[in-house]
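In: Fold the following, please.
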Amino acid sequence: MLATSFNELPSRDTLLSLSGLDFMRGILDGSLSGPPIAGIMGYALETVEAGRVVFTGTPGFAHTNPMGGVHGGWYGTLLDSAMACAVMTTLPQGSIYTTLEYKINITRAIPPGTAIRAEGRVDHAGRSTGVATGRIVDVDGRLYATGSTTCLIMKIA
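Out: Take a look at the predicted model:
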């Protein structure tokens, strides 16, 4: 089931009461609201595992630049979501994260209307930082972009 609820964000108490993995599983099963940006950008959470997440999406006309190509920000948003949410799956209860930096490399243009998968995998998750990599591919495995991120992990509760 793809999480498609974007009505209300989970409360801070809810967020801090769950491990990152349980939080992401809640988004996947629809018991917690998904991120509003996913609706705007046309992607949804498909898979959640410890240290790995997959989003699927299809860029449309609304995601193009003035030349008709899929805007680079669409690639960046999907990879940032996939990589950072992969880091989220490693967080203990009472912790949150934020992206410190990310980098993407676009290897080829995604034609509008092409279904893709954005996968994020954790390379390192420590007490204060998480590092992950990501890939955007189509259904045939054709590579469109790669990325890397460093996230700041903060213990709140």
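
In: Show the pLDDT at the residue lying farthest from the centre of the chain.
Out: Residue farthest from the centre of the chain, counting by CA atoms, centre = their mean, is residue 67 at 26.3 Å. Note on residue 67: pLDDT of 93.

In: check which helix or strand covers it.
Out: Using DSSP states H and E, residue 67 sits in no helix or strand.

In: What is the burial count for the closest residue to residue 110 other than its chain neighbours?
Out: Once flanking residues are discounted, residue 110 sits nearest to residue 70: 4.6 Å by CB to CB, 6 or more residues apart in numbering. Quick note: C-beta positions are derived from backbone N, CA and C, even for glycine. Neighbour count of residue 70, defined by other CB atoms under 10 Å: 22.

In: which residues does residue 70 contact?
Out: Residue 70 makes contacts with 59, 63, 64, 109, 110, 111, 112, as judged by CB atoms under 8 Å, 6 or more residues apart in numbering.

In: what residues are up against the last one?
Out: Applying CB under 8 Å, 6+ apart to residue 112 gives the contacts 59, 60, 61, 63, 64, 68, 70.
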